[in-house]
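>>> here you go, sequence then predicted model.
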Amino acid sequence: MDKITDFINNQYKALQVITTVAVAADLFLDVAYTHFPILEQDVFLGSISKEDTDLFTSSDVILDHKYNLARFFVRNNMNWFDVLEEFSKNNTNLLPVLDDKNNYLGFYELDDVLHFFNETTFVKEDGSTIIIEKETVDFTFSQICQIVESNDAKLLGVFISNNLGTKTEITLKISQNNFNEIIQTFRRYNYTILSENQEDAYLADLKDRSDYLNKYLNI
């Protein structure tokens, strides 16, 4: 499977809003989902949560609790990283998928998206991951790519991992060529290195050995 949309799942049909809470509760006994999509005929209304089915009266229909439905969803044109972010933001393991006309297409399961993520170059290719930080107004992706490639290395993946307002944190995965030179170049361009990298770990190890030797000599 080459595209995340290949993972859109219709193994279980969305429940209708006239379905009873008892039926929804039985579904959650069969599948380990945190939420499940609800339609009114063909229109997506939201998702009922497993926790709510434990609280609502089993003889009620889902329509009776229409305003308790979770409204999150993703579009079928969203990339895998944005989809993964939505899983995290909504604390769910199921995301309904809609097209640009709000038609319900099915759902993504978290396990499937994680599998897709594990097959990407960012995870699969050998390389080193570092986290850098710079003033938000000063960094550009083109500059980051230029720094990596000017040191005869390959950028395997890059994304903004945190935005603190005035500063932006960027996670990179790069090929192992000239790793230390890349780190030094980022520092010359006033990037802060947040993650422990190979060079820093080496220097820390040397310092530990030196401190140990000094203690030994002073005994």
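Happy to help now that I have it.

>>> use CA for all of it now, contacts and neighbours both
Fine.

>>> the residue nearest to residue 104 when sequence neighbours are not counted - how many residues pack around it?
Leaving aside its sequence neighbours, residue 104 sits nearest to residue 98 (CA to CA, 6 or more residues apart in numbering; 4.6 Å). Applying other CA atoms under 10 Å, we find 18 residues neighbouring residue 98.

>>> list the contacts of residue 98.
Applying CA atoms under 8 Å, 6 or more residues apart in numbering, we find residue 98 in contact with 73-76, 104-106.

>>> try 6 Å
Residues in contact with residue 98 (CA atoms under 6 Å, 6 or more residues apart in numbering) are 75, 104-105.

>>> of those - the most surrounded one?
residue 104 (22 neighbours).

>>> now do that one against residue 70, distance only.
15 Å (CA to CA, to the nearest Å).

>>> one more: residue 8?
If you measure residue 8 against residue 70 using CA to CA, the figure is 19 Å.

>>> what about the helices in the chain?
Ranges of helices in the chain, per DSSP state H, are 21-30, 50-55, 80-90, 110-118, 121-124, 141-150, 179-188, 198-217.

>>> for the third one, which positions count as buried?
Going back to what we said before, that points to helix 80-90. Buried residues in helix 80-90, counted by 16 or more other CA atoms under 10 Å: 80, 83-84, 86-87.

>>> let me know the angle separating it from helix 110-118.
Taking axes from the mean of the first three to the mean of the last three CA atoms, to 10 degrees, one finds helix 80-90 and helix 110-118 inclined to each other by 140 degrees.

>>> show me how far helix 80-90 is from its chain's centre.
Computed by CA atoms, centre = their mean, to the nearest Å, the chain-centroid distance of helix 80-90 equals 5 Å.

>>> circling back to that earlier point, of the contacts of residue 98, closest to residue 41?
Using CA to CA, residue 104 comes nearest to residue 41 of the contacts of residue 98, at 10.7 Å.

>>> state the distance from the closest one to residue 17.
Plainly put, residue 104 is 14 Å away from residue 17 if you go by CA to CA.

>>> how many residues are close by residue 169?
Under the neighbour criterion other CA under 10 Å, residue 169 is assigned a count of 22.

>>> how about it: what's its closest non-neighbour residue?
residue 133 (4.4 Å).
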